[in-house]
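just to be clear, the model below is a prediction. Sequence and coordinates:
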Amino acid sequence: MLASIPILITHTRLPIMRRSSSCKASPPGNQSMIGNSTCEEIIVRRTANYHPPIWDYDYVQSLRSDYVGEIYIRRLDKLKRDVKPMLGKVKKPLDQLELIDVLQRLGLYYHFKDAIKRILDSIYNQYNQHEEWKKDDLYATALEFRLLRQHGYDVPEGVAV
């Protein structure tokens, strides 16, 4: 069981000078009196004294990865060659959109930009046709809408589902 660790954050108040809105006519260096106060007001705001992060520049630069070198570059190229035909083999639009979504979520989208653009172009060109694959399927319609919008296609939001 984790013990409670008290965290001490001290709050201090820093004064901030601000010109009063009623002193617009006087020049900035001139402090004229309005009633019993000057044109500058002192506003006190709280600040927290947080500890500096451990992630300084030198620490981040010292981090190393075990996955560098010729072996991993060859493995990456092989995996990219294995996935590219998958994009061409998938024929159903919903399956294509789901594959694009998975590649985006894995952070691998940029490896397959051209193939994904071709797929999205073909789906966008058939967007206004009421096809069976998305009829009465909110998931398919939402996925199509989101991916097309994310990739810069002009898809109106008012189309009936």
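Received, thanks. Numbers count the residues shown, from 1 in each chain.

okay, now the unreliable bits of the chain?
Low-confidence segments of the chain (pLDDT under 70): 1-40, 130, 158-161.

helices along that one, start to end?
57-62, 70-89, 93-105, 113-125, 138-150 (DSSP state H).

okay if I get the ones you listed as a markdown table plus distance to Ile42 and mean neighbour count?
No exception for glycine: its C-beta is placed from N, CA and C like everyone else's. As requested, the helices of the chain are exported to a markdown table (distance: least, Cβ to Cβ, whole Å; neighbours: other Cβ atoms under 10 Å):
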| stretch | distance to Ile42 | mean neighbour count |
| --- | --- | --- |
| helix 57-62 | 37 | 8 |
| helix 70-89 | 60 | 11 |
| helix 93-105 | 51 | 17 |
| helix 113-125 | 56 | 14 |
| helix 138-150 | 48 | 16 |
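
any chance of those helices in TSV, with distance to Glu131 too?
Output for the helices of the chain, formatted as TSV (distance: least, Cβ to Cβ, whole Å):
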stretch	distance to Glu131
helix 57-62	48
helix 70-89	20
helix 93-105	7
helix 113-125	10
helix 138-150	10
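
so which of these comes closest to His51?
Among these, the nearest to His51 by Cβ to Cβ is helix 57-62 (14.6 Å).

show me what contacts Asp154?
Asp154 makes contact with no residue under the criterion Cβ atoms under 8 Å, 6 or more residues apart in numbering.

try it again with 10 Å
The contact partners of Asp154, taken as Cβ atoms under 10 Å, 6 or more residues apart in numbering, are 124, 127, 148.

please apply the same query to Ser122.
Counting by Cβ under 10 Å, 6+ apart, Ser122 has contacts 93, 96.

apply 7 Å and report the result again.
With contact set as Cβ atoms under 7 Å, 6 or more residues apart in numbering, Ser122 has no partners.

kindly report the same for Tyr153.
120, 124.

and it, backbone torsions?
Phi and psi for Tyr153, reported as degrees, to the nearest 10, are phi -80, psi 140.

other residues contacting stretch 67-82?
With Cβ under 7 Å, 6+ apart as the criterion, stretch 67-82 contacts His111.

make 52 the first number, not 1, from now on.
In the new count, where the first residue is 52, that last one comes out as stretch 118-133.

kindly export that stretch (C-alpha atoms) in PDB.
Taking C-alpha atoms only, stretch 118-133 is exported to PDB below (Å, rounded to 0.1, in the frame of the first residue of the first chain):
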ATOM      1  CA  TYR A 118      16.700  -0.200 -31.500                       C
ATOM      2  CA  VAL A 119      19.200   1.500 -33.700                       C
ATOM      3  CA  GLY A 120      21.500   0.000 -36.200                       C
ATOM      4  CA  GLU A 121      21.400  -1.800 -39.500                       C
ATOM      5  CA  ILE A 122      19.500  -4.800 -38.200                       C
ATOM      6  CA  TYR A 123      16.500  -2.700 -37.100                       C
ATOM      7  CA  ILE A 124      16.600  -0.600 -40.300                       C
ATOM      8  CA  ARG A 125      16.300  -3.800 -42.400                       C
ATOM      9  CA  ARG A 126      13.500  -5.100 -40.200                       C
ATOM     10  CA  LEU A 127      11.600  -1.800 -40.500                       C
ATOM     11  CA  ASP A 128      11.900  -1.900 -44.300                       C
ATOM     12  CA  LYS A 129      10.700  -5.600 -44.400                       C
ATOM     13  CA  LEU A 130       7.700  -4.700 -42.300                       C
ATOM     14  CA  LYS A 131       6.800  -1.700 -44.500                       C
ATOM     15  CA  ARG A 132       7.100  -4.000 -47.600                       C
ATOM     16  CA  ASP A 133       4.700  -6.400 -45.900                       C
END
